[in-house]
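K.L.:
Quick one: sequence and predicted model below, then my questions.
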Amino acid sequence: QVQLVQSGGGLVQDGDSLRLSCAASGLTFSNYAMAWFRQAPGKEREFVAVISWSGASTFYADSVKGRFTISRDNAKNTVYLQMNSLKFEDTAVYYCALSTRAFGPSLKISAYYLGWGQGTQVTVSS
């Protein structure tokens with residue numbers, strides 16, 4: 001049974017940093033591209049960042065580029081999202097997700113993901 005268990009998140013102030021983690025089990029982690037999405041109240045889930053199975057390739061939503069960094073440790077079956085210079089508009093529930101799809105722009109689409117973490121709240125106070 002595939003499980004994605006998230007940790008991290010919380011309440012921070014504008015300009016602070018946070019790191020989210022997502023630990024996977026029940027699968028060969030290195031076979032999957034891993035991504036982070038987020039959903040703010042009243043809004044649709046949106047793409048944040050994705051990393052290839054090897055970690056060699058990444059891309060980001062324009063809104064977080066230069067502030068967020070996605071990384072993975074295949075030995076620990078874990079993907080991370082380091083979030084720096086947080087802004088009020090980053091407030092959302094963040095989800096990790098996995099996909100078998102070939103790495104590319106289509107990975108911005110949530111429908112191409114097979115499994116999701118439980119979500120973790122990130123709240124940035126202005």
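P.N.:
Thanks, I have it.
K.L.:
so what's the nearest residue to Ser17 once chain neighbours are set aside up against?
P.N.:
Distances taken as Cβ to Cβ, 6 or more residues apart in numbering place Asn84 nearest to Ser17, at 4.7 Å, with adjacent residues excluded. C-beta here means a position set from N, CA and C on the backbone, and glycine is covered the same way. By Cβ atoms under 8 Å, 6 or more residues apart in numbering, the contact set of Asn84 is 17, 67-69.
K.L.:
The residue most central in space within the chain: helix or strand, and which one exactly?
P.N.:
Residue closest to the mean C-alpha point of the chain, counted by Cα atoms, centre = their mean, is Trp36 at 2.0 Å. Following DSSP states H and E, one finds Trp36 within strand 33-39.
K.L.:
Which positions within the very next helix or strand once past that strand qualify as buried?
P.N.:
Once the chain leaves strand 33-39, the next helix or strand it forms, by DSSP H and E, is strand 46-51. Judged by neighbour count using 16 or more other Cβ atoms under 10 Å, the buried positions of strand 46-51 are 47-51.
K.L.:
And stretch 20-32, by the same measure?
P.N.:
20-24, 27, 29, 32.
K.L.:
Show me how far it is from its chain's centre.
P.N.:
Chain-centre distance of stretch 20-32: 12 Å, with Cα atoms, centre = their mean, to the nearest Å.
K.L.:
cool, and stretch 92-107?
P.N.:
The chain centroid and the centroid of stretch 92-107 are separated by 8 Å, computed with Cα atoms, centre = their mean.
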